[in-house]
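J.: Based on what follows, work out the 3D shape:
(one chain, ligands or ions: 1)
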Amino acid sequence: AEKGLKDYYKSYFPIGVAVSTRALKNPAEVALILQQFNSLTPENDMKMGPIHPDSTRYNWGPADAIVDFAQAHQLKVRGHNLCWHEQTPRWIFKNPDGSQVSKARLLKRLHDHIDAVVKRYKGKIYAWDVVNEAISDNPQEFLRNSDWYKICGEDFIAEAFRYAHAADPTAVLFYNDYNTERPEKMERIYQLLKKLKDAKVPIDGVGLQGHWSLVEPTEQELRTTIERFGSLGLKVQVTELDVSVYPWEKDRRAKRPDESDAYTAEMQTKQTAQYKLFFKVFRDEAKYMTGITFWNISDHYSWLDTYPVAGRKNHPLLFDEQLKPKAAYYEVVKF
Ligand code: G3I
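T.: Below you'll find the predicted structure:
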């Protein structure tokens, strides 16, 4: 068989991809996955809302299907995720009478959730994103003012790691976040992770999501981030890599009527240069890096096609809409 990313990077780190059960039913996508990748992350199916929709019911089907596929093809699996402010079922924060739960009850529910999910896939999922995006985007705050934080204060973070470690002592446990290379946010994440390490909380690594663009991050920002987290004794992974061809627009949700979404030659050239640079840095920093995962398979489908601007086609990955390798792919495997 033709070589793929996983083969070129065999002596460096696993190369993963985010998948849905729909992709695993599509023969062309399956062929590309098996040629290129040796690790999977469920894009949505292990999040608390999808997998635990009611207090008394787990929806294991889609997550099981992804894990079974991985086992059948000897792929690693990263579990994503155990505690987040999005895609979280509302029942978890409510008493039967509709009032807000106490801290003790919420931590008990978090424990029971993590225990059930982690034990079900024990030995089949090698790494978990335990806590996702707990740091605020507002520099005036430290932690995000989520329901988890409002009810539990910061304790939910350490507890989530302890619960996951108890359920599977061999799983590699990550804190995962975005914009991790922006110096100010990086510093707050560093403070959080240092505090957890100092308190002997069982955390093994930090996930840099890697939702990047044609201008971000800079080489220096990326190196500094990897080395600073690495110096804490943490493993570093890029967990959700894509390179958007648009600048980030926080507050725009709709495409303008006259707006073109052409994938211009200039975008392609810049994107190729970004991918080339990022993988050069990953190889240089290989003593800290233990995995790179792409967020979606090809430009045929990306979460960025609907977010933040609905209906604006993005082209953020290494394979085009026909699943053919792009120029960026050839730069990533040339070293
Ligand atoms: O499954 C429902 C469907 O039943 C319903 O009809 C439809 C209508 O909205 O929604 C479907 O759910 C969508 C789900 O993706 C599955 O496609 C949700 O609306 C949509 O919000 C959800 O988006 C996901 C997003 O996380 C949620 O915040 C994206 O697919 C997923 O790529 C994205 O992934 C996150 C990572 O987990 C964490 N880091 C950021 C990253 C990108 O936002």
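
J.: So what's the residue count around the residue of the chain found nearest the ligand?
T.: Closest residue of the chain to the ligand, C-beta to the nearest ligand atom: residue 303 (3.4 Å). C-beta coordinates here come from the backbone N, C-alpha and C atoms, glycine included. Around residue 303 there are 16 other residues, counting by other C-beta atoms under 10 Å.

J.: do the same with residue 108
T.: Count around residue 108 with other C-beta under 10 Å applied: 12.

J.: I'd like the numbering to begin with 416 instead of 1 from here.
T.: Yep, numbering from 416; the last one is residue 523 now.

J.: sorry, back to before: verify the stated contact: the residue of the chain closest to the ligand with residue 712.
T.: No - counting by C-beta atoms under 8 Å, residue 718 stays clear of residue 712, with 11.8 Å between them.

J.: confidence score at residue 706?
T.: pLDDT for residue 706: 98.

J.: Near the ligand, which residues of the stretch 516-665 of the chain are found?
T.: With C-beta under 6 Å from any ligand atom as the criterion, the stretch 516-665 of the chain comes near the ligand at residues 547, 624, 655.

J.: The second one and residue 482, how far apart?
T.: Distance of residue 624 to residue 482, given as C-beta to C-beta, to the nearest Å: 22 Å.

J.: just the first one next, same as before
T.: As judged by C-beta to C-beta, residue 547 and residue 482 stand 19 Å apart.

J.: Then residue 704?
T.: Distance of residue 704 to residue 482, given as C-beta to C-beta: 24 Å.

J.: Over to residue 637?
T.: Going from residue 637 to residue 482 by C-beta to C-beta gives 31 Å.

J.: residues in contact with residue 525?
T.: Neighbouring residues of residue 525 by C-beta atoms under 8 Å, 6 or more residues apart in numbering: 498, 507, 571, 574-575, 578.

J.: try residue 451
T.: Contacts of residue 451 (C-beta under 8 Å, 6+ apart): 419-421, 430, 432, 734.

J.: what's the answer for residue 677, then?
T.: Residue 677 touches nothing, counting by C-beta under 8 Å, 6+ apart.

J.: just for this protein, where's the confidence low?
T.: The model of the chain has no residue with pLDDT under 70.

J.: And what about the most far-flung residue of it relative to its centre, helix, strand or coil?
T.: Here the centre of the chain is the reference, and by C-alpha atoms, centre = their mean the most remote residue is residue 512, at 35.0 Å. Per DSSP: H, G, I helix; E, B strand; the rest coil, the secondary structure class of residue 512 is coil.

J.: so how far is residue 706 from it?
T.: 44 Å.

J.: Same check on residue 728?
T.: Applying C-beta to C-beta to residue 728 and residue 706 gives a distance of 28 Å.

J.: higher neighbour count, those two?
T.: residue 706 (27 against 16).

J.: isn't the more buried one right up against residue 542?
T.: Yes - assessed by C-beta under 8 Å, residue 706 is found in contact with residue 542 at 7.4 Å.

J.: what is in contact with those two at once?
T.: Common contacts of residue 706 and residue 542 (C-beta under 8 Å, 6+ apart): 493, 652.

J.: Which stretches in the stretch 516-665 of the chain count as strands?
T.: 542-547, 587-592, 620-623, 626-628, 650-659 (DSSP state E, counting those that start in this stretch).

J.: Any idea which of the ones you listed gets closest to residue 456?
T.: strand 650-659 (7.1 Å; C-beta to C-beta).

J.: Sort out which residues of that closest one are buried, please.
T.: By 16 or more other C-beta atoms under 10 Å, the buried positions in strand 650-659 come out as 650-659.
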